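S.K.: structure for this input, please:
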Amino acid sequence: MKVEPLHPDVVMFVGDEYESVATAFFDGDDALLVDALAGEEDARQLREVLCGQLGKNVRAVVSTHRMSDHMAGLMLFPQALSIAQRHHRHTFLSQNRRVDAYYREPKLVFDGTLSLRWGRHELHLLHNPGKTLDHVSVDAPGADLVCVGDNIVGRIVYLSKADPAQLRGAIDRIKQLGRGTVIGGHMGRFPAAVLDQALHYLDRLRETVVRIRSQAPPALSERRIRAIAIEDCVAAGVEPTPFEREWHGHNLDVVVGQSVFALDAALAAREARA
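M.R.: Residues are numbered from 1 along each chain as shown. Now for the predicted structure:
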């Protein structure tokens, strides 16, 4: 596990499983966690560092979204106040790799926004649906950072079952916060430029798929879509990591399997005929 202090009272954890991220904010000996990692061994290491080595008590756990690869540690802190957006069950039930053993009913749910003071930090929980319906951005202006969950995946996005337009809107809303550091649901922290890089990837993937669908019959289109290289979608200067390459491959499967961007291609063809 990677443990990285971001401030004297903020520590980021990146687990081995899915490079899932958890972020801890400290108020004296009390800790608030944003997300809880993907695997049980990662979660145990998180508890050992926070509680065993640092002597903190985990009092609250905020979920950026309720998917199993961010929930493994919830059961290790049964006394903590668990916080989620109201549509959390929709997300949990709709995921591809659900782990029911990780599920814990949140003690506090909210709709649009929720603010709380934690030590020196005023944390703003903002409902920001994109990758999932329940997605939350956790804005920490005093630390000049925002935790965005899976609305980005490194310098790209993962489409899964999301509406690409909704995902784009979520990233635009994160940009409006103007934070210098962006903490994703996977891989770790990035400078603010990551948001434009993720949008660039999303836009280039859409444009490429629309062009392919407009030029070839369905059977041939599927083969061409599966052959789209990540290098043709990422922003200039971005060297894709193995993790980003893996999830780009998943995106291509999603585009073919769920006919993603097919509506965009149909609308573009209608405009061309008009």
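
S.K.: residue 82 reaches residue 103, doesn't it?
M.R.: No - using Cβ atoms under 8 Å, residue 82 is not in contact with residue 103; the gap is 10.6 Å. Every residue, glycine included, has its C-beta placed from N, CA and C.

S.K.: shared neighbours of the two, anything?
M.R.: Contact with both residue 82 and residue 103 is made by residues residue 74, according to Cβ atoms under 8 Å, 6 or more residues apart in numbering.

S.K.: the more surrounded of those two?
M.R.: Higher neighbour count among residue 82 and residue 103: residue 82, with 22 against 16, using other Cβ atoms under 10 Å.

S.K.: how about that one, secondary structure?
M.R.: Of the three states, residue 82 takes strand under DSSP: H, G, I helix; E, B strand; the rest coil.

S.K.: residues contacting residue 105?
M.R.: Counting by Cβ under 8 Å, 6+ apart, residue 105 touches residue 82.

S.K.: so it is in which element?
M.R.: Residue 105 is part of no helix or strand, with elements assigned from DSSP states H and E.

S.K.: how is residue 256 assigned, secondary-structure-wise?
M.R.: Put simply, residue 256 is helix when judged by three-state DSSP.

S.K.: roughly how far does it sit from residue 231?
M.R.: As judged by Cβ to Cβ, to the nearest Å, residue 256 and residue 231 stand 19 Å apart.

S.K.: so residue 94 touches residue 134, yeah?
M.R.: No - in this structure, residue 94 is not within contact of residue 134 by Cβ under 8 Å, at 10.0 Å.

S.K.: so for the two, which sits in the more crowded spot?
M.R.: Neighbour totals were compared for residue 94 and residue 134, and residue 134 leads with 24 against 13 (other Cβ under 10 Å).

S.K.: in the helix or strand that contains residue 243, which residues are buried?
M.R.: According to DSSP H and E, residue 243 maps onto helix 242-257. Along helix 242-257, these residues count as buried under the neighbour rule (16 or more other Cβ atoms under 10 Å): 244, 247-248, 251-252, 254-256.

S.K.: can I get the longest helix along the chain in CSV, CA atoms only?
M.R.: Criterion DSSP state H: the longest helix present in the chain is helix 193-215. Coordinates of the C-alpha atoms in helix 193-215 are reproduced here as CSV (Å, rounded to 0.1, in the frame of the first residue of the first chain):
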residue,chain,number,x,y,z
ALA,A,193,-4.8,19.6,-15.4
VAL,A,194,-6.0,16.0,-15.0
LEU,A,195,-9.6,17.2,-15.5
ASP,A,196,-8.9,18.6,-18.9
GLN,A,197,-7.0,15.5,-19.8
ALA,A,198,-9.9,13.3,-18.8
LEU,A,199,-12.3,15.5,-20.9
HIS,A,200,-9.9,15.3,-23.8
TYR,A,201,-9.9,11.5,-23.7
LEU,A,202,-13.7,11.4,-23.4
ASP,A,203,-14.2,13.8,-26.4
ARG,A,204,-11.6,12.0,-28.6
LEU,A,205,-13.1,8.6,-27.9
ARG,A,206,-16.6,9.9,-28.7
GLU,A,207,-15.4,11.6,-32.0
THR,A,208,-13.5,8.4,-33.0
VAL,A,209,-16.5,6.1,-32.4
VAL,A,210,-18.9,8.4,-34.1
ARG,A,211,-16.7,8.6,-37.2
ILE,A,212,-16.3,4.8,-37.3
ARG,A,213,-20.0,4.2,-36.9
SER,A,214,-20.8,6.7,-39.7
GLN,A,215,-18.3,5.1,-42.1
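
S.K.: can you give me the end-to-end span of stretch 105-115?
M.R.: Using Cα to Cα, to the nearest Å, one end of stretch 105-115 lies 21 Å from the other.

S.K.: gap between it and the chain center?
M.R.: Mean-position distance between stretch 105-115 and its chain equals 18 Å (Cα atoms, centre = their mean, to the nearest Å).

S.K.: start the count at 14 instead of 1 going forward.
M.R.: With 14 as the first residue, the last one maps to stretch 118-128.

S.K.: average model confidence for that stretch?
M.R.: For stretch 118-128, mean pLDDT is 97.

S.K.: same check on stretch 69-81?
M.R.: On average, stretch 69-81 scores 98.
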